[in-house]
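Chemist: whatever this is, show me its structure:
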Amino acid sequence: KVNMMAELPSNVFLADEFLEYFDGFSIGSNDLTQLTLGLDRDSGLVAQYFDERNPAVMKGLEILIKAAKAKGKYVGICGQGPSDHPDL
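Modeler: Purely as a prediction, here's the structure:
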């Protein structure tokens, strides 16, 4: 089985198309959050706004999960988000 790291907003927008080629997604919460929000999580200027529970990030997660489930494919999540926020 070959799963794809879903870490880019384009992975969200084209989730169904990517699932034609892969057996599922492993969602990288750190990069998906950083790139969705346009924030550098390591920057002291904006790091306080980095939150995987942001509505835009949550919508992206929802889209990826629903797309994988609809096709009966694997979906998992990795990164700091699930560790910091078990409700994620």
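
Chemist: neighbours around D42, how many?
Modeler: D42 has 9 neighbours, counted by other Cβ atoms under 10 Å. Backbone N, C-alpha and C define where each C-beta goes, glycine included.

Chemist: just say helix, strand or coil for it.
Modeler: With DSSP: H, G, I helix; E, B strand; the rest coil as the basis, D42 sits in coil.

Chemist: and it, what does it touch?
Modeler: By Cβ atoms under 8 Å, 6 or more residues apart in numbering, the contact set of D42 is empty.

Chemist: what backbone torsions are found at it?
Modeler: Here is the backbone geometry of D42 (degrees, to the nearest 10): phi -100, psi 0.

Chemist: that one and E52, how far apart?
Modeler: Using Cβ to Cβ, to the nearest Å, D42 is found at 15 Å from E52.

Chemist: which pLDDT does the model give P86?
Modeler: Per-residue pLDDT puts P86 at 86.
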